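A.B. asks: Below is the structure, and that's it, no one-letter string:
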Ligand SMILES: NC(=O)c1ccc[n+]([C@@H]2O[C@H](COP(=O)([O-])OP(=O)(O)OC[C@H]3O[C@@H](n4cnc5c(N)ncnc54)[C@H](OP(=O)(O)O)[C@@H]3O)[C@@H](O)[C@H]2O)c1
């Protein structure tokens, strides 16, 4: 009896220490800008009359990004480039320019569709379960790289890609390996500025059924509460981070935005 009480107490003690450690190391850093500075950044950016394209605007991160883009209006022109026409109820969204392309033929047929944008966002994605191994590589690597190449040729100055935490070209896992290769090859294209976002598990109410993601999210919610930047990324925080990182005149070159930075940038967008 005494043994059991001792074991349970030790277990509770270990869990408490672990939670305290996680909570200490995975809090969101304070906002980078005060509210007035934020407002000035947005106003200044609007005056530049910049344009952007979004690929993957129908996906979860793409939808969240589009919502912020339409709410804050940093761009004079927004074009959605997809494999199908996207249908919207909202009047503002209905008015957006859309281009439907064949992603297999970007190099031969669609170079013009990527001509003349200041900023390009890529939120493409799939899962191995949905697309199979070949399909996963095609979408996550081939399509993403073709989009990035066409954008570079078309004059895009700032290319932004939603990647993932843990990517590594040398990984044993296909997911991390393919995304690691894609990130590197996109960086090597020589954009004036390229931002690669590496979020953790996206906290999102996905329309599509992904049972494993749902279970992971349910388990992660309490952890996300105690240690927000540890293992999860709310989808709206990712989108806000992308917007702030667009309007903030960041330094040229390649920038890897990790999950902690995504949280900080996202929480700094207070407008
Ligand atoms: N889910 C997570 O927890 C998580 C965590 C970290 C990183 N990420 C990464 O974040 C990125 C975006 O993820 P997400 O969950 O926002 O994606 P998502 O909801 O699955 O959306 C994927 C987007 O890609 C488009 N797409 C898929 N297959 C295509 C094809 N064959 N041709 C053209 N377009 C195609 C989809 O268009 P349709 O609407 O036409 O299908 C959709 O717009 C991915 O790279 C993912 O690996 C995800």
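C.D. replies: Thanks, I have the structure now. Just so you know, these numbers come straight off a predicted model, no measurement behind them.

A.B. asks: can we go C-alpha only for contacts and neighbour counts from here?
C.D. replies: Fine.

A.B. asks: Where does pLDDT dip in the chain?
C.D. replies: The model of the chain has pLDDT under 70 over residues 1-2, 207-209.

A.B. asks: Kindly report the residues of the stretch 51-200 of the chain close to the ligand.
C.D. replies: Applying CA under 6 Å from any ligand atom, one finds that the stretch 51-200 of the chain approaches the ligand through 56-62, 83, 103, 123-126, 139, 162-164, 199-200.

A.B. asks: quick one: residue 122 and residue 56 touch, right?
C.D. replies: Yes - with contact defined as CA atoms under 8 Å, residue 122 reaches residue 56; the gap is 6.3 Å.

A.B. asks: Looking at these two, which one has more neighbours?
C.D. replies: Between residue 122 and residue 56, counted using other CA atoms under 10 Å, residue 122 has the larger neighbour count: 24 against 21.

A.B. asks: Just the ones of the residues of the stretch 51-200 of the chain next to the ligand in strands?
C.D. replies: Among those, the residues falling in strands (DSSP state E) are residue 162.

A.B. asks: Report the buried members of the residues of the stretch 51-200 of the chain next to the ligand.
C.D. replies: Among those, the ones that count as buried by 16 or more other CA atoms under 10 Å are 56-62, 103, 123-125, 139, 162-164, 199-200.

A.B. asks: Where do the strands of the chain begin and end?
C.D. replies: 51-55, 77-82, 97-100, 119-122, 158-162, 193-197, 201-203, 232-234, 253-257.

A.B. asks: got the ones you listed as JSON lines, with distance to residue 91 columns?
C.D. replies: Shown next, in JSON lines, are these (distance: least, CA to CA, whole Å):
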{"stretch": "strand 51-55", "distance to residue 91": "19"}
{"stretch": "strand 77-82", "distance to residue 91": "15"}
{"stretch": "strand 97-100", "distance to residue 91": "13"}
{"stretch": "strand 119-122", "distance to residue 91": "22"}
{"stretch": "strand 158-162", "distance to residue 91": "27"}
{"stretch": "strand 193-197", "distance to residue 91": "30"}
{"stretch": "strand 201-203", "distance to residue 91": "27"}
{"stretch": "strand 232-234", "distance to residue 91": "26"}
{"stretch": "strand 253-257", "distance to residue 91": "33"}
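
A.B. asks: where's residue 28 relative to residue 116, distance?
C.D. replies: Residue 28 sits at a distance of 36 Å from residue 116 (criterion: CA to CA, to the nearest Å).

A.B. asks: Verify the stated contact: residue 85 with residue 100.
C.D. replies: Yes - Residue 85 is within contact range of residue 100, at 6.2 Å (criterion: CA under 8 Å).

A.B. asks: Which residue comes closest to the residue most central in space within the chain once chain neighbours are left out?
C.D. replies: The chain has residue 162 as the residue nearest its centroid, 3.6 Å off, counting by CA atoms, centre = their mean. Nearest non-adjacent residue to residue 162, counting by CA to CA, 6 or more residues apart in numbering: residue 197, 5.0 Å away.

A.B. asks: Equivalent analysis for residue 203, please.
C.D. replies: residue 234 (4.5 Å).

A.B. asks: how close does that neighbour sit to the ligand?
C.D. replies: Residue 234 is 10 Å from the ligand, where distance means CA to the nearest ligand atom, to the nearest Å.

A.B. asks: And for that residue, the neighbour number?
C.D. replies: Residue 234: 20 neighbours (other CA under 10 Å).

A.B. asks: can you check the one 4 residues further on too?
C.D. replies: Residue crowding around residue 238 was assessed by other CA under 10 Å; the count is 27.
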